[in-house]
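Provided below are the primary sequence and the corresponding predicted coordinates.
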Amino acid sequence: MALKNIPVNMQGYKLMITEAPTVKMRENDNGVAEAVTDRQGVQQFVVSLFAKKRPQPGEFAEKGEEIKVTLTVDPGEGFEEGTYVQLVDATTSPWQTERNGRYSSGISFKAHGLTPLGG
């Protein structure tokens, strides 16, 4: 069994919203878009963040990367593009899928919410 929901500490990263939180959608077997819910039927949300490591003194600034994070609750208002945030109870899970004989894999990010940083 693969490890799931591994706690992750993102304190050493700057996280900036690149796409505001929206309801997470997926295409069903009939090709119709539908809202994603968890096993209890609670609607999920998704936010795109640009994550960049905060350099330590004497270090070069590394390149950042855009990540999509599934949110288990509605983050509410005030989370627009350009807002710096912190993830609440962030976790990662490895995934792998096969479609038509081709495999793909990656890491998914999940959090229980967002906290704005700064004023």
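On my side now, so go ahead.

Please count neighbours and contacts with C-alpha atoms only from this point.
Fine.

tell me which element the residue nearest the centre of the chain falls in.
Centre of the chain computed as the mean C-alpha position; nearest residue by Cα atoms, centre = their mean is V69, 0.9 Å away. For V69, the enclosing helix or strand under DSSP states H and E is strand 65-71.

helices and strands around that strand, which ones?
On a contact count with 3 or more Cα pairs under 8 Å, 6 or more residues apart in numbering; DSSP states H and E, strand 65-71 meets strand 45-53, strand 102-111.

quick one: strands adjacent to the last one?
By that I understand strand 102-111. strand 65-71 (parallel), strand 91-99 (antiparallel) (DSSP bridges).

The helix or strand following the first one pairs with which strands?
In other words, strand 65-71. Sequence-wise, the next helix or strand beyond strand 65-71 is strand 84-88, with elements assigned using DSSP H and E. Strand pairing for strand 84-88, determined by DSSP bridges: strand 13-23 (antiparallel), strand 113-116 (antiparallel).

Tell me the spacing between G82 and K63.
18 Å (Cα to Cα, to the nearest Å).

more neighbours, those two?
For G82 versus K63, the count of surrounding residues by other Cα atoms under 10 Å is larger for G82: 14 against 8.

Could you report the pLDDT at the more buried one?
Looking at G82, its pLDDT is 95.

List the residue ranges of the protein that fall below the pLDDT cut-off.
1-2, 119 (pLDDT under 70).
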